[in-house]
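Q: pasted the sequence and its predicted model underneath.
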Amino acid sequence: MQPSLVSIVRYQEPFESVRKAIELCKGLEQFRAGDRVFLKPNIVCWTRKTSFPKWGVITTSRVVEDVIVLLKDLGAREILIGEGTVTHRPGDTETTAHAFETLGYNTLAQRYGVKALIEMHHGTIAASASAARRLVDGFDPACIGVIYDCGNMVFEGYEEYRRGLEILGPYLGHVHVKNAAFERPPGGGVWRPRWSPLHDGVVDFHALFQALRSVGYDGWIVVEDFSQRYDSRTALRENLKFLRNIEQSIQ
């Protein structure tokens, strides 16, 4: 495996410090004007009970804005901010909205035409398409959307693919794909889900791709392979081959 190039730059000046860090690590070497870009700032936790520090816990909003400005200058066609929902109380729709508002993502959406996305994820209030639609309903779909994740739905929140996509309607903003399978304990009992290779698990990718086509989705499909069956380069090659075969089979 080839080593990754990492840069460390002291933040001293808005825009220029982030620009320098990205240039040093060649972070946008493959970027082309007109590309669609997905940003994930990693809001690993949030609470409305106390004020969060402006840095040191999650990615600082100042840095997020700097990256957005840089991408806009380079000619990005669309910029998406995607994040999961980390809450401790079922039915809590306020915490995620509070995080996006407090961090200024709604302002960034209006100022730069950025779209903020909530990821469908097990263990959160947006585990299914129905729950995610309930969370974002009432917001402008041009500014707020949902990341549809078929692999997470194996753990929790499965709804038939086309039905779920139709429920999301205009809020469908992005698609993640991965797979999982259920494992029987040696002595029997409750079967538990585990991550699996893209080609070997519960997700019916042929049905999923047909559903995506039926609702007119023409955006990116992003692979998240957590199975660790292959090294990164082999996984990239095998997963791309698998998805291309699926796509060709429904044409």
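A: Sure thing, it's come through. Here the structure is a predicted model, which is why all the values come from computation and not from measurement.

Q: tell me where the stretch 1-150 of the chain has helices.
A: Using DSSP state H, counting those that start in this stretch, the helices assigned to the stretch 1-150 of the chain run over residues 16-24, 61-74, 94-102, 105-112, 129-136.

Q: pretty sure Tyr112 contacts Val67?
A: No. Using Cβ atoms under 8 Å, Tyr112 is not in contact with Val67, being 10.6 Å away. From N, CA and C alone the C-beta is placed, and that goes for glycine too.

Q: the domain parsing of the protein - what is it?
A: For the chain, automatic domain parsing gives the domain ranges 1-30, 33-249.

Q: in JSON lines: the ones you listed, plus mean neighbour count and mean pLDDT.
A: Output for these, formatted as JSON lines (neighbours: other Cβ atoms under 10 Å; pLDDT from 0 to 100):
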{"stretch": "domain 1-30", "mean neighbour count": "12", "mean pLDDT": "89"}
{"stretch": "domain 33-249", "mean neighbour count": "17", "mean pLDDT": "90"}
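
Q: can you tell me how far the one residue sitting closest to the centre of the chain is from Val67?
A: In the chain, the residue lying closest to the centroid (Cα atoms, centre = their mean) is Gly82, at 4.8 Å. Distance, Gly82 to Val67, by Cβ to Cβ, to the nearest Å: 14 Å.

Q: anything in contact with each of the two?
A: Overlap of the contact sets of Gly82 and Val67 (by Cβ atoms under 8 Å, 6 or more residues apart in numbering) consists of Leu39.

Q: residue most distant from the centroid, this protein?
A: Quick read of the chain (Cα atoms, centre = their mean): farthest out is Gly187, 36.6 Å.

Q: quick check, that one in a strand?
A: No. Using DSSP: H, G, I helix; E, B strand; the rest coil, the assignment for Gly187 is coil, not a strand.

Q: how about it, what does it touch?
A: Gly187 neighbours (Cβ under 8 Å, 6+ apart): none.

Q: and it, how far from Leu5?
A: From Gly187 to Leu5 the distance is 48 Å (Cβ to Cβ).

Q: just Pro185 next, same as before
A: In terms of Cβ to Cβ, Pro185 sits 43 Å off from Leu5.

Q: in the stretch 101-250 of the chain, which spans are strands?
A: All strands of the stretch 101-250 of the chain, identified by DSSP state E, counting those that start in this stretch, fall at 115-119, 144-149, 172-177, 179-183, 192-196, 221-223.

Q: just send those strands back as JSON lines, with distance to His206 too.
A: JSON lines is the format used below for the strands of the stretch 101-250 of the chain (distance: least, Cβ to Cβ, whole Å):
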{"stretch": "strand 115-119", "distance to His206": "24"}
{"stretch": "strand 144-149", "distance to His206": "16"}
{"stretch": "strand 172-177", "distance to His206": "12"}
{"stretch": "strand 179-183", "distance to His206": "13"}
{"stretch": "strand 192-196", "distance to His206": "17"}
{"stretch": "strand 221-223", "distance to His206": "14"}
